[in-house]
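Asks: sharing a model that was predicted from the sequence below.
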Amino acid sequence: MSDRTEQQRKNAMKERRERRNRIIRRRRMVFFGTIVIFILVVVLVIVAIVKNVSGNMVSTNTLTITDKAVTFEEISSTEDLSKSEVKDYAKSVISEFNTDAGETLVKLEKVKEKKDVVYVKTSYDSVDAYSDFSGYEAFNGTIEEA
């Protein structure tokens, strides 16, 4: 009889140990799963921040006119010029224009290169400054004002 109760006691202890081990394994899986999800969230947040900080490049030439300024974003092929050559050229043309105008009307905001495309972003104090600099007529107003 004592052998039987001893065996039952050993079986009960074995079952408790197995149950405890299953609980520990389950908790470990939840813990590591939580860590993986946390790391993914952190990576996604970092990617979103970097993307917003670096800014999105437009896919076509874009002219944006607001009450305070004009922004022109241009996409060009880099077959003939490198990013540094484009940047140097843009700086010299803008500097010459601003010197002739006697004030800073045009600013080079950004020059980026991606594969074989150069992105140039310039800002202008007004629509008239854009027209004078680019040689293209531009108007910001209503139809009645035109």
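Replies: Right, received. Where do you want to start?

Asks: strands of this protein, start to end?
Replies: With DSSP state E as the criterion, the chain has strands at 62-65, 70-77, 106-114, 117-124.

Asks: and the last one, what other elements does it pack with?
Replies: So that's strand 117-124. In this structure, strand 117-124 packs against strand 70-77, helix 83-101, strand 106-114, with contacts taken as 3 or more CB pairs under 8 Å, 6 or more residues apart in numbering; DSSP states H and E. To be clear about C-beta, it is placed using only N, CA and C from the backbone, and glycine gets the same treatment.

Asks: residues contacting that strand, please?
Replies: 57-58, 69-78, 81, 83, 86, 90, 94, 105-113, 130, 133 (CB atoms under 8 Å, 6 or more residues apart in numbering).

Asks: what is the orientation angle of that strand with strand 106-114?
Replies: Interaxial angle of strand 117-124 relative to strand 106-114 (axes from the mean of the first three to the mean of the last three CA atoms, to 10 degrees): 160 degrees.

Asks: quick one: which of the strands of the chain is nearest Met29?
Replies: The closest of the strands of the chain to Met29 is strand 106-114. By CB to CB, the value is 41.8 Å.

Asks: pLDDT of the closest one, averaged?
Replies: Average pLDDT, strand 106-114: 86.
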